[in-house]
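Enquirer: coords please:
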Amino acid sequence: MASAFTFSITTTPFDEHYMPSEGSRLTTNFANLARGEHRQDNLRKTLAMIDRRFNDLARWDNPTGDRYRVELDIVSVQVDVTESPASRPFPLLEVLDTRIVDSRTGALHHGIVGNNFSSYVRDFDFSVVLPSLSDGTTPPSIPDDFGALHGKLYRHFVSSAVYRERFAKAPVICISVSTSKTYHRSDNRHPVLGVEYRQDDPSLTDAYFARMGLKVRYFMPEGSVAPLAFYFCGDLLNDYSNLELISTISTMETFQKIYRPEIYNANSTASAVYRPSLESQDFSRTQIDYDRAERSRLAVTQGTYAEEHFIAPHRDLLRRWASDYPAQAA
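Expert: Below you'll find the model as predicted:
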């Protein structure tokens, strides 16, 4: 039943003129920044932060610290259930694609696709399914198949001709470390990714991304104050160039400084044994407006939207397709 779906891709420049489309998941970092009376100022400052951080990490042959500029595209993926005559394209996921402009040579380098990860079906799993598994007084008992459909849809898309014709390398997704886990600094150090942190107790997010065929490693780049979580398949340290890795670090560290300043804009650097916390008061706020409370509220709305417009209308077909799709990535 691998032909049950067809995928399509559209792209939107993420620049100071960006406006979220109707299909955008509004809890996404970049969509949240692009609304309200300060939207254009937010976007300009965010893009400037990304460029500064990129040049800070790409210091070789860059004496004035302004050689590079990062361009971003929002990659929106729609899925159409071709076996259902009543199907309409559904916004499956959104990621960011990076390009690096070298102002000295005029060269344009492709960066990494992925970075930020946005998914209505993930909202359904975490904001609709997960709360329904708990009575509110005890932690939910996670079923063995939690996130299985989402993981298979993601892997089906990444292995599709639509993806492979557009992108030469697999995605890398970069997000915050978990506030429920403790991380230990190791002796391993990468020239771009920085010092590696490790933890042996996978979080629910780690397990969810594993369903997508993704492994995780945690690195704190030079000049950062906390490790980032990098989700990938293949070999993170050898499959991507230094400039490609820097494009992801500069983009996603900027978003995390805005979204989670308690961790990523803290006034002290992560210790050798590190437990991130959103309760910390020792941090600096960026001059960029971000509505974190609205983000949490909208997750429930968007999870319900996914249930009504994708999960419920195609429940039987999705169940049959998922049962036939391989459990592990090829």
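Enquirer: Surely residue 79 forms part of a strand?
Expert: Yes - counting by DSSP: H, G, I helix; E, B strand; the rest coil, residue 79 is located in a strand.
Enquirer: Show me what it bridges to in the sheet.
Expert: residue 7, residue 90 (DSSP bridges).
Enquirer: Residue 284 and residue 262: what is the separation?
Expert: 10 Å (Cβ to Cβ, to the nearest Å). (C-beta placed from N, C-alpha, C; glycine too.)
Enquirer: which of the two has more neighbours?
Expert: residue 262 (18 against 10; other Cβ atoms under 10 Å).
Enquirer: ok, then the element right after the strand or helix carrying the more buried one?
Expert: Residue 262 belongs to helix 261-264 when assigned by DSSP states H and E. Once the chain leaves helix 261-264, the next helix or strand it forms, by DSSP H and E, is strand 273-274.
Enquirer: How far does that next one sit from its chain's centre?
Expert: 24 Å (Cα atoms, centre = their mean, to the nearest Å).
Enquirer: Paired strands for it, with orientation please.
Expert: strand 183-190 (antiparallel).
Enquirer: buried stuff in the partner strand?
Expert: 183, 185, 190 (16 or more other Cβ atoms under 10 Å).
Enquirer: Just the C-alphas of it, formatted as CSV.
Expert: Below are the C-alpha coordinates for strand 183-190, written out as CSV (Å, rounded to 0.1, in the frame of the first residue of the first chain):
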residue,chain,number,x,y,z
TYR,A,183,23.4,15.4,30.4
HIS,A,184,27.1,14.6,31.0
ARG,A,185,29.9,16.4,29.3
SER,A,186,32.2,14.0,27.4
ASP,A,187,35.8,14.3,26.2
ASN,A,188,34.7,14.2,22.5
ARG,A,189,35.0,17.5,20.7
HIS,A,190,34.2,18.3,17.1
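Enquirer: So what touches the helix or strand following that strand?
Expert: Next helix or strand after strand 183-190 toward the C-terminus (DSSP H and E): strand 194-198. Residues from elsewhere that reach strand 194-198 (Cβ atoms under 8 Å, 6 or more residues apart in numbering): 177, 183-186, 188-190, 217-222, 224, 227, 270, 274.
Enquirer: And the strands in this protein, which stretches?
Expert: Taking DSSP state E as the test, the strands found in the chain are 5-13, 68-81, 90-102, 108-119, 172-176, 183-190, 194-198, 215-220, 228-232, 273-274.
Enquirer: Lowest-scoring secondary structure element of this structure by mean pLDDT?
Expert: Least confident helix or strand of the chain, by mean pLDDT, DSSP states H and E, is helix 29-33 with a mean of 61.
Enquirer: low pLDDT regions in this structure?
Expert: Along the chain, the model assigns pLDDT under 70 to residues 1-3, 21-37, 85-86, 136, 289-297, 328-330.
Enquirer: isn't residue 284 right up against residue 261?
Expert: Yes - between residue 284 and residue 261 a contact is recorded at 6.7 Å, counting by Cβ atoms under 8 Å.
Enquirer: For the residue lying closest to residue 282 once chain neighbours are set aside, give me its contacts.
Expert: Among residues not flanking residue 282 along the chain, residue 267 sits closest, at 4.9 Å (Cβ to Cβ, 6 or more residues apart in numbering). By Cβ under 8 Å, 6+ apart, residue 267 lies in contact with 282-284.
Enquirer: 10 Å instead?
Expert: When contacts are counted by Cβ atoms under 10 Å, 6 or more residues apart in numbering, residue 267 touches 225, 280-284.
Enquirer: ChimeraX command for the buried members of the residues you listed?
Expert: Here is the ChimeraX command that selects the buried residues among the contacts of residue 267 (16+ other Cβ under 10 Å):
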select :225,283
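Enquirer: Return the set of buried residues in stretch 137-151.
Expert: 146-151.
Enquirer: Now flag whichever of these is closest to residue 80.
Expert: Proximity of the buried residues of stretch 137-151 to residue 80 (Cβ to Cβ) peaks at residue 149, which lies at 16.4 Å.
Enquirer: Would you mind measuring from residue 181 to residue 203?
Expert: 6 Å.
Enquirer: so can I have TSV of the buried residues of strand 183-190 showing distance to residue 325?
Expert: Converted to TSV, these look like this (distance: Cβ to Cβ, whole Å):
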residue	distance to residue 325
183	33
185	39
190	34
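Enquirer: Just give me the closest of the residues you listed to residue 11.
Expert: residue 190 (30.0 Å).
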